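Enquirer: Sequence first, predicted coordinates after that:
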Amino acid sequence: MACVKSVSYAVKLNGVPGDTIIPSRGIYQGDPLSSYLFLICAEGLSFLLKQAKNRGILRGVAASRGDSKVGTSPSHIWRSIWSAMDVVKAGSVWRVGNDMDARVAGLINSGTREWKADLIDAVFNLEESKLILSLPISIRGSSDKLIWVVALNGIFSVKSAYFVAYELQSMHKGQSSNASGLEAQWKKIWGLQVPGKVKQVLWKALNDILPTKAALVKKQVLQDGLCPICTREEESVLHVLWTCPAATDVLGDSSSPVKKWHSNFVDFSYLWGNLSMKLEGQHLEQVVVVCHKLWARRNRWVFEQIFQDPASLFMAALNELEIFQAAGNIQQQQNSAAAVQQHQLSAAGSIQQEQNSAAAVRQQQFSAAGSIQQQPNSAIAVQQQRFDSNCMGIGIVLRDGRGDIEVVLAAPKAHVPSAFHAECYALLRAMQLCRELGFSHMVFEGDAKQVIDCVTSKCSNCSWKGQLVEDI
């Protein structure tokens, strides 16, 4: 035993090994956390690279002129970068600025820095026209910017790139024309009265992403794809959960609702379609929990060489389902009782609410009357009001230091896609008004916290609405 010790690791950085890492315990294949390890590590690496770039200690290297290509013997890193090219292209778009890169100069009035609405309406259909006209244009002529359209902040993240890659993969595989049927299928799955871990395994099985040996062979992680239990056939999702002799022994239990079912299914998705169509709720939930137990037994056999006999496994699945549903019924009863009590309290409080309504109106009137406060400088109150789905109204009130009204402005604004854009347009128009009147020391008042946070932030805004924020 003196020759036996735990494995240790050391990471090389610039050719120099770092501190030794000795793992205390690992995560088994099939563990619910294992699928998130890549995202956790990649997000950390992405953050470190971004930090290094901001400090100026990381610089890009030109790989080639024009579009580079994968050579005859590419490295694993270069192959990974190249494989991510489609994902990056799918999630990136140009945000219009001075139109040096976006190539839409013919649609923009260079004098007013506005879209040529008549031309756009004539060239594009109604839906496309509304979308284009709602895109803000930088009045300062800032540079076009390539942004990550998948994220709200316009900044690339590994997590969002993962979802783009998944969507691209789904598009390549093709989608069923019966979209409503797929939606109903997923609703039925998430509506099952089974533990969340069971639903997760079922979701992975239907998306063919369970780490079976057949899947690991495709990813070139393993070379042998045979089932580790029967060692006869390739271990696919359908095999491990349905057709393996070890699985049929469990599913063929005398109490099983599928004991006489055949095994001639194309894949697990086709099997699930038959299960969900032919089995009632309770029986379907039993089969789902048994499938989860089969996957758990497979992992225990692979990693611990422990194998559970069919009868005890089937009974353990039924017991687990019964306990889970019993606990859920108790919680539901408690929630119902709490809802009844809340309804009674609400009914009892309605009289008090009516008595307080008049006082509340008087207080609101008093607050409105007393809202004008002394300011060291002049103040501008900015408001926006939407009067249809495409237009808004801007209201600006300019007061002096005593609170007396000096200037009032009301103006329409067309093609406004959101409340955030409306607040930004209102604030921008208020600032333009101050410049037109020659005022330089002003206090701007508004109630849009998101706009205030974006305008006062020191970080660059890479979102679709970033031109408005940068103009302000």
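Expert: That came through, no problem.

Enquirer: When you work out contacts or count neighbours from here on, use the C-alpha atoms and nothing else.
Expert: Noted.

Enquirer: Domain boundaries for this protein, per the record?
Expert: As assigned by automatic domain parsing, the chain contains the domains 77-171, 179-325, 378-471.

Enquirer: Which one of those domains lies nearest to residue 18?
Expert: Nearest of those to residue 18, taken as CA to CA: domain 77-171 at 21.1 Å.

Enquirer: export the domains of the chain to a markdown table and tack on distance to residue 38, mean neighbour count and mean pLDDT?
Expert: Below are these laid out as a markdown table (distance: least, CA to CA, whole Å; neighbours: other CA atoms under 10 Å; pLDDT from 0 to 100):
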| stretch | distance to residue 38 | mean neighbour count | mean pLDDT |
| --- | --- | --- | --- |
| domain 77-171 | 9 | 16 | 78 |
| domain 179-325 | 14 | 16 | 90 |
| domain 378-471 | 26 | 16 | 77 |
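
Enquirer: Same list (these) but as TSV, adding distance to residue 23.
Expert: Converted to TSV, these look like this (distance: least, CA to CA, whole Å):
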stretch	distance to residue 23
domain 77-171	26
domain 179-325	17
domain 378-471	39
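
Enquirer: all strands for the stretch 351-472 of the chain, in order.
Expert: For the stretch 351-472 of the chain, the strands defined by DSSP state E, counting those that start in this stretch occupy 378-386, 391-399, 405-414, 442-445.

Enquirer: Same check on the chain?
Expert: 9-13, 16-21, 92-95, 108-109, 114-115, 145-148, 378-386, 391-399, 405-414, 442-445 (DSSP state E).

Enquirer: Return the list of helices and strands in contact with the first one.
Expert: For strand 9-13, the helices and strands in contact under the criterion 3 or more CA pairs under 8 Å, 6 or more residues apart in numbering; DSSP states H and E are strand 16-21.

Enquirer: quick revisit: so which of the domains of the chain is nearest residue 54?
Expert: Once the domains of the chain are compared by CA to CA, domain 378-471 is nearest, at 11.8 Å.

Enquirer: circling back: would you reformat the strands of the stretch 351-472 of the chain as CSV and include distance to residue 163?
Expert: Shown next, in CSV, are these (distance: least, CA to CA, whole Å):
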stretch, distance to residue 163
strand 378-386, 34
strand 391-399, 34
strand 405-414, 34
strand 442-445, 40
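
Enquirer: Could you work out which of those strands reaches nearest to residue 314?
Expert: Nearest of the strands of the stretch 351-472 of the chain (CA to CA): strand 378-386, 60.7 Å.

Enquirer: Give me the residue at the spatial middle of this protein.
Expert: Central residue of the chain (CA atoms, centre = their mean): residue 160, 6.4 Å from the mean position.

Enquirer: gap between that residue and residue 44?
Expert: 14 Å (CA to CA, to the nearest Å).

Enquirer: cool, and residue 228?
Expert: Distance, residue 228 to residue 44, by CA to CA: 35 Å.

Enquirer: now residue 221
Expert: 24 Å.

Enquirer: likewise residue 260?
Expert: From residue 260 over to residue 44 (counting by CA to CA), the distance is 51 Å.

Enquirer: Same check on residue 275?
Expert: Distance of residue 275 to residue 44, given as CA to CA: 42 Å.

Enquirer: Not counting sequence-adjacent ones, nearest residue to residue 462?
Expert: residue 154 (4.8 Å; CA to CA, 6 or more residues apart in numbering).

Enquirer: May I have the residues that are in contact with that neighbour?
Expert: The contact partners of residue 154, taken as CA atoms under 8 Å, 6 or more residues apart in numbering, are 147-148, 461-464.

Enquirer: ok, which pair from these is furthest apart?
Expert: 148 and 461 (11.7 Å).

Enquirer: how about the helices in the stretch 101-250 of the chain?
Expert: Taking DSSP state H, counting those that start in this stretch as the criterion, the stretch 101-250 of the chain contains helices spanning 117-123, 126-133, 158-173, 179-190, 196-206, 213-218, 237-238, 245-251.

Enquirer: Please identify which of these is closest to residue 289.
Expert: Between residue 289 and the helices of the stretch 101-250 of the chain, the tightest spacing by CA to CA is seen for helix 196-206, at 6.2 Å.

Enquirer: For that closest one, which helices and strands make contact with it?
Expert: Judged by 3+ CA pairs under 8 Å, 6+ apart, helix 196-206 is in contact with helix 268-278, helix 281-304.

Enquirer: so can I have a markdown table of those showing distance to residue 393?
Expert: Shown next, in a markdown table, are these (distance: least, CA to CA, whole Å):
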| stretch | distance to residue 393 |
| --- | --- |
| helix 268-278 | 53 |
| helix 281-304 | 54 |
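
Enquirer: Out of those, flag the one nearest residue 422.
Expert: That would be helix 268-278 among those, by CA to CA, at 46.8 Å.

Enquirer: for the closest one, packing partners?
Expert: helix 196-206.

Enquirer: got the angle between the helix it packs on and helix 268-278?
Expert: Interaxial angle of helix 196-206 relative to helix 268-278 (axes from the mean of the first three to the mean of the last three CA atoms, to 10 degrees): 120 degrees.

Enquirer: got the contact list for residue 58?
Expert: Here residue 58 is in contact with 49, 52 (criterion: CA under 8 Å, 6+ apart).
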